[in-house]
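[1] one predicted model, sequence on top.
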Amino acid sequence: MEGDQKTSTADCAAAVDVGGEAEECPVKQRCQEQREALPGEPRCAICGRYGEYICDLTDDDICSIECKTILLSRHEKAHKPAPELTHHVKIPIRDECFYVRDNDRDGSGGLTSVQIDSLRSKIGLCVKGVKGASIPAPVLSFSSCDLPEKLEKNLETAGYVIPTPVQMQAIPAALDNRNLLVSADTGSGKTASFLVPVISRCSGVRLRCVTEQRNPLAMVLAPTRELCIQVEKEAKILGKGLPFKTALVVGGDPLAGQVYRIQNGVELIVGTPGRLIDLLTKHDIELSEVSVLVLDEVDCILQKGFRDQVMQIVQALSQPQVLMFSATVSREVERMASSIAKHIICISSGNPSTPSSSVKQVIIWVESKKKKQKLFEILMSKQHFKPPVVVFVGSRLGADLLSEAICTATGIKALSIHGEKTMKERRESLQLFITGEVSILVSTGVLGRGVDLLKVHQVIIFDMPNSMEEYVHQVGRASRMGEEGTAIAFVNEEDKKLFRELVQNLKSIGAAIPRELANSKYLGAYPSSHQKKRKFGA
Ligand SMILES: Nc1ncnc2c1ncn2[C@@H]1O[C@H](COP(=O)(O)OP(=O)(O)OP(=O)(O)O)[C@@H](O)[C@H]1O
């Protein structure tokens, strides 16, 4: 996963991050020159010291040229062809990339349109495309997708036995080279919905035609570094053993290493828009072969602040297939998406744009001055505190102060994570949280979207976010794949902008509404974002 922060051992003037600034420093030759790994840092596959680099050939973490040499010699031994058999065994030739099912030339899987519609409604899918154009039928298994055999094996190893509903429809549609705008519940498997077709396409290209120069073939843009790290990690897991290499391009890590890795040949770039623009303006990166562009958390990435950068990247590409995903897709996002790609198929799965039904929402009315005390009460209560817990706050300073206050007042270990921390600190905090050494992580929006915090079943929204969309994503951190979770949210008059939508949401699921909220004079004062968007459209 940590491939990005490292440089290749062959790069003689590798860059390292010192106090947040990138500085030039020579590659370590001997493993004794390398320091010990800190908790959460990658470790050398040979000696266990800090794995500062990635081996170009095996993708393993290594600490120095010395360990790289040992690694490669071991690798060579392990991959030596077996001695020739005395008799020849005939292996049936079956290239997955060229395999076409005879009964499925129209992508219908041999089903009638009535059967397809009924299948979609049974699995909670809603699909919309250009009038008259066919849309591939959903698949019920990964094996019906004609994926490379290794990819299928990797899915199996990762525990992906059957596709989730969104994967059932998005994967065949993306494999059919269509532009997609997909909205599906938080934690429903959207990441694999785009990674599977991306890996299949990229490795297929490489298997068909071996070239010396391996320019990037696909690009994933996501709004936060943590999300990019996670997506790249999953891409590596699913693409293992295939001609499929990845590069992570995020801020906070030295640019030199990221450039070197791309120039050495990768199939997929995963990055944040800002760092990608930085990279593209300062370095000559060949993008003409990028044929798939993924915009993860598309509604966020098309908002002000990111939008211009994303458009600049889109314009640098030559009309790629565009795959767009989020749990919250509004009409306005649909409109913006259609300015990026033509003939889009819109897929909706489950109940997107509403908080996950697997998460119990508990709304507590608390005045701002009393929020801390209320939080401590919850954390000290055996009945209510269900670690590990993410506490969402509205500011970076707030995150630091609150994590310190939690430690002092309750004695429970808490750390903070936000955009002002160095990449090293962010990785360390997340690692300590994931491994259970720290049970509370106080976060700004950096962990609000997309991040897969598997063991987390409780989030506390200390400061309500600015929009219901962000609330939906933050609530979603408490549940993956339909597991049960709880989201406790502190609300007071400062959040009046959200009252109307919040109450609608709570009523629709029959959840308790605090008296102050139910009787608030602001309930009718602010139109819901849904209504605002329609007005805007008109
Ligand atoms: N087919 C599958 N079978 C089993 N587990 C799966 C499958 N697909 C995805 N998962 C797992 O489900 C979890 C949630 O997936 P993922 O992170 O892709 O959700 P998401 O829809 O992107 O959520 P969010 O909107 O919160 O980002 C992950 O832990 C992932 O490994």
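    Here it is on my side, so go on.
[2] secondary structure class of residue 487, three-state.
    Classification of residue 487 by DSSP: H, G, I helix; E, B strand; the rest coil places it in strand.
[3] same check, this time on residue 504
    helix.
[4] which residues are contacting stretch 387-394?
    375, 379, 399, 402, 406, 412, 414, 433, 436, 438-445, 447-448, 453, 455-456, 458-465, 474, 477 (C-beta atoms under 8 Å, 6 or more residues apart in numbering). Quick note: C-beta positions are derived from backbone N, CA and C, even for glycine.
[5] now list the buried members of those.
    375, 379, 399, 402, 406, 412, 414, 433, 438-445, 447-448, 453, 456, 458-465, 474, 477 (16 or more other C-beta atoms under 10 Å).
[6] residue 303: neighbour count?
    17 (other C-beta atoms under 10 Å).
[7] hang on, it is in a helix, isn't it?
    No. Checked against three-state DSSP, residue 303 lies outside a helix; its state is coil.
[8] which of the contacts of stretch 387-394 fall in helices?
    375, 379, 399, 402, 406, 433, 474 (DSSP state H).
[9] so the third one sits against residue 444, correct?
    Spelled out, that is residue 399. Yes. If you go by C-beta atoms under 8 Å, residue 399 and residue 444 touch, sitting 5.5 Å apart.
[10] mutual contacts of the two, please.
    393, 417-418.
[11] out of these, which is nearest to the ligand?
    For the shared contacts of residue 399 and residue 444, the minimum distance to the ligand (C-beta to the nearest ligand atom) is 16.9 Å, reached by residue 417.
[12] so how far is residue 112 from the closest one?
    Between residue 417 and residue 112 the computed distance is 51 Å (C-beta to C-beta, to the nearest Å).
[13] excluding chain neighbours, give the residue nearest to the residue in the stretch 201-350 of the chain positioned nearest to the ligand in space.
    Among the residues of the stretch 201-350 of the chain, residue 327 lies nearest to the ligand; the distance is 4.2 Å by C-beta to the nearest ligand atom. By the measure of C-beta to C-beta, 6 or more residues apart in numbering, the closest residue to residue 327 outside its immediate chain neighbours is residue 186, 4.5 Å from it.
[14] how about the residues of the chain by the ligand?
    Within the chain, the positions near the ligand by C-beta under 6 Å from any ligand atom are 159-160, 163-164, 167, 184, 186-192, 327, 450, 452, 454, 476, 480-481.
[15] so which of those residues are in strands?
    In this view, these that belong to strands under DSSP state E are residue 184.
[16] what about the residues of the chain next to the ligand, which are in helices?
    For the residues of the chain next to the ligand, secondary structure assignment (DSSP H) places 167, 190-192, 476 in helices.
[17] okay, those residues in TSV with neighbour count, distance to residue 314 and pLDDT next?
    Listed next are these as TSV, based on neighbours: other C-beta atoms under 10 Å; distance: C-beta to C-beta, whole Å; pLDDT from 0 to 100:
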residue	neighbour count	distance to residue 314	pLDDT
167	26	25	97
190	26	20	97
191	22	21	98
192	22	24	98
476	26	27	96
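[18] from those residues, pick the one nearest residue 140.
    Of all those, residue 140 sits closest to residue 167, with 10.5 Å by C-beta to C-beta.
[19] distance-wise, check the closest residue to the closest one other than its chain neighbours relative to residue 186.
    Once flanking residues are discounted, residue 167 sits nearest to residue 193: 4.8 Å by C-beta to C-beta, 6+ apart. According to C-beta to C-beta, residue 193 and residue 186 sit 13 Å apart.
[20] picking up where we left off before, what subset of the residues of the chain next to the ligand is buried?
    Buried members of the residues of the chain next to the ligand, scored by 16+ other C-beta under 10 Å, are 160, 163-164, 167, 184, 186-192, 327, 450, 452, 476, 480.
[21] separation between the residue of the stretch 201-350 of the chain closest to the ligand and residue 179?
    Residue 327 sits 19 Å away from residue 179, taking C-beta to C-beta as the criterion.
[22] now residue 262
    25 Å.
[23] about what we covered before: does the residue nearest to residue 167 touch residue 171 like I think?
    Yes. Residue 193 lies in contact with residue 171 (C-beta under 8 Å); the separation is 6.1 Å.
[24] neighbour count winner among those two?
    residue 193 (28 against 25).
[25] return the residues in contact with the more buried one.
    The contact partners of residue 193, by C-beta under 8 Å, 6+ apart, come to 164, 166-167, 170-171, 174, 182, 184, 325.
[26] try 10 Å this time
    Neighbour list for residue 193: 163-171, 173-174, 180, 182, 184, 294, 323, 325, 347, 349 [criterion: C-beta atoms under 10 Å, 6 or more residues apart in numbering].
[27] could you pull out the helices for the stretch 51-200 of the chain?
    65-78, 113-122, 149-157, 165-175, 190-208 (DSSP state H, counting those that start in this stretch).
[28] so which of these is the most surrounded?
    Ranked by mean neighbour count under mean count of other C-beta atoms under 10 Å, the helices of the stretch 51-200 of the chain are led by helix 165-175, which reaches a mean of 26.
[29] tell me which other helices or strands that one touches.
    Based on contacts counted as 3 or more C-beta pairs under 10 Å, 6 or more residues apart in numbering; DSSP states H and E, the elements that helix 165-175 packs against are helix 113-122, strand 125-128, strand 179-184, helix 190-208, strand 321-326, strand 344-349.
[30] rebuild these as JSON lines, extending it with distance to residue 227.
    Converted to JSON lines, those look like this (distance: least, C-beta to C-beta, whole Å):
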{"stretch": "helix 113-122", "distance to residue 227": "29"}
{"stretch": "strand 125-128", "distance to residue 227": "25"}
{"stretch": "strand 179-184", "distance to residue 227": "16"}
{"stretch": "helix 190-208", "distance to residue 227": "9"}
{"stretch": "strand 321-326", "distance to residue 227": "11"}
{"stretch": "strand 344-349", "distance to residue 227": "20"}
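[31] of those, which shows the lowest average pLDDT?
    When these are compared by mean pLDDT, helix 113-122 comes last with a mean of 90.
[32] list the buried residues of the helix or strand harbouring residue 308.
    Secondary structure assignment for residue 308, by DSSP states H and E: helix 307-316. By 16+ other C-beta under 10 Å, the buried positions in helix 307-316 come out as 309-310, 313-314.
[33] now these in CSV, with pLDDT?
    As requested, the buried residues of helix 307-316 are arranged in CSV below (pLDDT from 0 to 100):
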residue, pLDDT
309, 95
310, 96
313, 96
314, 95
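[34] could you dump those into a markdown table and include distance to residue 64?
    As requested, the buried residues of helix 307-316 are exported to a markdown table (distance: C-beta to C-beta, whole Å):
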| residue | distance to residue 64 |
| --- | --- |
| 309 | 36 |
| 310 | 38 |
| 313 | 35 |
| 314 | 40 |
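[35] about what we covered before: wait, which of the helices of the stretch 51-200 of the chain is closest to residue 222?
    That would be helix 190-208 among those, by C-beta to C-beta, at 9.7 Å.
[36] tilt between that closest one and helix 165-175?
    Counting by axes from the mean of the first three to the mean of the last three C-alpha atoms, to 10 degrees, helix 190-208 lies at 30 degrees to helix 165-175.
[37] quick check: next helix or strand after helix 190-208?
    strand 218-221.
[38] which helices and strands does the helix or strand just after that next one pack with?
    The helix or strand immediately downstream of strand 218-221 is helix 225-238, counting by DSSP H and E. Here helix 225-238 touches helix 149-157, helix 190-208, strand 218-221, strand 246-249, strand 268-271, strand 292-296, helix 423-434, going by 3+ C-beta pairs under 10 Å, 6+ apart.
[39] go with 7 Å
    Using 3 or more C-beta pairs under 7 Å, 6 or more residues apart in numbering; DSSP states H and E, the elements in contact with helix 225-238 are helix 149-157, helix 190-208, strand 246-249, strand 268-271, helix 423-434.
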